[in-house]
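Sequence first, then the predicted structure:
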Amino acid sequence: PVNRFCAASKNRTGFLCNDRATCVPASQVCDRVSNCRNGEDEEEELCGDLPHNLPGHLVFRCSNPAFWIYADQRCNGMNDCGDCSDEMGSSATCPPCGPEWWSCSPVLYEYCSCVPRRLCRDGVQHCRSWSDEYIC
């Protein structure tokens, strides 16, 4: 089988098109939009039975076996699995909050252990400790 692994922009996991030059971010595979010149990122043999037919490197399995996300959604700061296993789980192995994030215990389950710094001092509580309004 052809190795389809590649690193898309911002070092995100991707799918290598047949032209061996175009790298489609994992979450844009099987999204009903053809990103490869010949449309191989949307072919039925790849997209017919998600996630089973996808190459393993494109899939991240959440701690709840019933759920999966695209590999490039892991460690993106958002709670894509619904239980934060894609941000804080042992299999996620995410780095600590980056410079554009504030580390805290979020109030909203949309975030897991970091909130975007753009939400700091916006008059809305995003951290249990209110640190996003008083310290950040």
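In hand now; what should we look at? Numbering: from 1, shown residues only.

how near is residue 52 to residue 102?
38 Å (CB to CB, to the nearest Å). Where you see a C-beta, it was placed from the backbone N, CA and C, and this is true even at glycine.

Compare those two (neighbour count), which wins?
Comparing residue 52 with residue 102 by neighbour count (other CB atoms under 10 Å), the higher total belongs to residue 102, at 21 against 8.

residues in contact with stretch 129-136?
102, 104-105, 115, 117, 119-127 (CB atoms under 8 Å, 6 or more residues apart in numbering).

Return the members of these classed as buried.
When the contacts of stretch 129-136 are checked for burial by 16 or more other CB atoms under 10 Å, the buried set is 102, 104, 115, 119, 120, 126, 127.

quick one, what contacts the third one?
By CB under 8 Å, 6+ apart, the contact set of residue 115 is 101, 102, 104, 106, 126, 127, 132.

ditto for residue 51
58, 59, 68.

Need the pLDDT of it.
Residue 51 is assigned 95 on the pLDDT scale.

Specify the local secondary structure of it.
Recorded secondary structure, residue 51: coil (DSSP: H, G, I helix; E, B strand; the rest coil).

Could you list the low-confidence segments of the chain?
1 (pLDDT under 70).
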